[in-house]
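*Asks:* the sequence and its predicted three-dimensional model are supplied below.
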Amino acid sequence: MPYYTYILYSDSLGKFYIGHTGDELAERLRRHLSEHDGFTGKAKDWVIAYFEKYDTKPEANARERQIKGWKSSKMIQALIEKHSPAGPEHPDL
């Protein structure tokens, strides 16, 4: 089963969310967009801005922690731009 480290972006909040999952990305996004308490429950416009695929949960978790450790939206933006063939969807990214 593949695991993913992913970055979501909310235009209304102007914020990123970094996570990892063993679920399909579309299902995980659906759950983020559902009614719930928690950071992603604050907005309903989250999109998957970036993801990486891993063979194991520890690898995906380690990458999530690494990206979160940057504490820099500029570094996250650079990661997204570097790996997105069409560039980011949001003009400010």
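*Replies:* Right, received. Where do you want to start?
*Asks:* and the helix or strand containing Phe16, what does it pack against?
*Replies:* Per DSSP states H and E: Phe16 is located in strand 15-21. Secondary-structure packing of strand 15-21 (3 or more CB pairs under 8 Å, 6 or more residues apart in numbering; DSSP states H and E): strand 3-10, helix 25-33, helix 57-70, helix 73-83. C-beta coordinates here come from the backbone N, C-alpha and C atoms, glycine included.
*Asks:* parallel or antiparallel, list what pairs with that strand.
*Replies:* strand 3-10 (antiparallel) (DSSP bridges).
*Asks:* poorly predicted segments of the chain, please.
*Replies:* 85-93 (pLDDT under 70).
*Asks:* let's go with 50 and repeat that
*Replies:* Low-confidence segments of the chain (pLDDT under 50): 86-93.
*Asks:* what angle do helix 73-83 and the strand holding Phe16 make with each other?
*Replies:* Angle, strand 15-21 to helix 73-83, by axes from the mean of the first three to the mean of the last three CA atoms, to 10 degrees: 60 degrees.
*Asks:* pipe the helices and strands packed on strand 15-21 into a markdown table and attach mean neighbour count per row.
*Replies:* Output for those, formatted as a markdown table (neighbours: other CB atoms under 10 Å):
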| stretch | mean neighbour count |
| --- | --- |
| strand 3-10 | 22 |
| helix 25-33 | 14 |
| helix 57-70 | 15 |
| helix 73-83 | 14 |
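*Asks:* need the ones you listed in a markdown table (columns: distance to Gly19).
*Replies:* As requested, the helices and strands packed on strand 15-21 are exported to a markdown table (distance: least, CB to CB, whole Å):
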| stretch | distance to Gly19 |
| --- | --- |
| strand 3-10 | 6 |
| helix 25-33 | 7 |
| helix 57-70 | 6 |
| helix 73-83 | 13 |
